[in-house]
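>>> Take a look and give me a structure for this.
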Amino acid sequence: MSKILEGKAAVVTGAGRGVGKGHCEHLVANGASVVINDIMLEEAQKVVEEIKAAGGNAVASDADISTREGCEALIQLCCDEFGKIDILVNNAGVLRDKSMLKLEDADFELVWRVHVMGTFWCSQTAAKKMIEQGSGGSIVNTTSGAHFGNFGQTNYAAAKGAIASMTYTWAIELAKKGIRVNAIGPLATTHMSKTFKDADKMPYFDPAANGPFVCWLCSEEADFVSGQVFGTGGERVSHMVQPHYGKTMMREGGWDLESISKHFKTNFFGEFGPFGILGKPYPFYDGIQPPANDD
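Numbers count the residues shown, from 1 in each chain. The predicted model follows:
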């Protein structure tokens, strides 16, 4: 019986441990050969050794995906080792959590380069190779519920929101080339999740549990799925609905200030639902005021 990804060649970034490692294990178990990329080469090599010991095919890479040169070298390595690239899973990430008022440029820029630019550079390079090959392919990006909004994660939330938007856009642009583009928001307990507040009180979620859905997304069975974002991990597969317009006011000739003042509260008060990654009820109906002056 053939495996669902038999003969496919894949690249997974940030794959030395955690969610990325789980992706690699499942990709190989389902027939793919994999380049395991991690800036910590020793971790990537450990995964390669485990996969080879189990009869799989994998190579390690410590290419720095926060640079275009690193991304291009990574994709080329896959083509050199396996003769092609069919699958790219953009998984690598870093956290530098601080509230907006304390966030420094260097911490914003690092998160942006790894998540957003790394995803773009790897995907652009891989897509060009896939087009040259003429056989299509699958790109799976990694976003997060953090892009709904999460305290202390301006840089990370912005990056994950950008990745979701790039996913929608690339799916439109690359469909005619036979390339599908989707994203997952994985649920997992990893070294990154240890930075969260009260992380020690959270239940354990196996990072590898995200792998089966990634494999399915990359297979021909999912040839009708593109431009979609899914929450994975734990016991769930959740469709993250694309942002869309809700209740709308219409006025012939457009809106002036007087008309907005007259109609907005009547039409929209009560329309603001839960927001933020934890989905807490809208907290601002009583208004937001500056702190009281105690002097």
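>>> what does the longest strand along the chain rub up against?
Once the chain is assigned using DSSP state E, the strand that runs over the most residues is strand 179-186. With contact meaning CB atoms under 8 Å, 6 or more residues apart in numbering, strand 179-186 is reached by 19, 123, 127, 130-131, 136-145, 160, 163-164, 167, 170-171, 174, 207, 210, 213-214, 217, 222-223, 225-233, 240. C-beta: built from backbone N, CA, C; applies to glycine.
>>> Now with 7 Å, please.
The contact list for strand 179-186, computed with CB atoms under 7 Å, 6 or more residues apart in numbering, reads 19, 127, 130, 136-145, 163-164, 167, 170-171, 174, 210, 213-214, 217, 225-233, 240.
>>> in its sheet, what does it sit against?
Sheet pairing here is set by DSSP bridges, and for strand 179-186 it gives strand 137-142 (parallel), strand 229-233 (parallel).
>>> Just the buried subset of the contacts of strand 179-186, please.
Among the contacts of strand 179-186, those buried by neighbour count (16 or more other CB atoms under 10 Å) are 19, 127, 130, 136-145, 163-164, 167, 170-171, 174, 210, 213-214, 217, 226-233, 240.
>>> where in the chain is pLDDT low?
Per-residue confidence for the chain (pLDDT under 70) gives these ranges: 1, 188, 190-202, 205, 294-295.
>>> what ranges do the strands span in it?
In the chain, the strands defined using DSSP E lie at 9-12, 33-37, 58-61, 87-89, 137-142, 179-186, 229-233, 236-240.
>>> Make JSON lines out of those strands and add distance to Trp255.
Shown next, in JSON lines, are the strands of the chain (distance: least, CB to CB, whole Å):
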{"stretch": "strand 9-12", "distance to Trp255": "49"}
{"stretch": "strand 33-37", "distance to Trp255": "50"}
{"stretch": "strand 58-61", "distance to Trp255": "54"}
{"stretch": "strand 87-89", "distance to Trp255": "45"}
{"stretch": "strand 137-142", "distance to Trp255": "37"}
{"stretch": "strand 179-186", "distance to Trp255": "35"}
{"stretch": "strand 229-233", "distance to Trp255": "32"}
{"stretch": "strand 236-240", "distance to Trp255": "31"}
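>>> thinking again about what came up before, could you write out the alpha-carbon coordinates of the longest strand of the chain in PDB?
This file holds the C-alpha atoms of strand 179-186, laid out as PDB (Å, rounded to 0.1, in the frame of the first residue of the first chain):
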ATOM      1  CA  ILE A 179       0.600  25.300  -5.900                       C
ATOM      2  CA  ARG A 180      -1.700  25.300  -2.900                       C
ATOM      3  CA  VAL A 181      -1.000  27.600   0.100                       C
ATOM      4  CA  ASN A 182      -2.600  27.100   3.500                       C
ATOM      5  CA  ALA A 183      -1.700  27.800   7.100                       C
ATOM      6  CA  ILE A 184      -2.100  26.200  10.500                       C
ATOM      7  CA  GLY A 185      -2.300  27.700  14.000                       C
ATOM      8  CA  PRO A 186      -0.800  24.800  16.100                       C
END
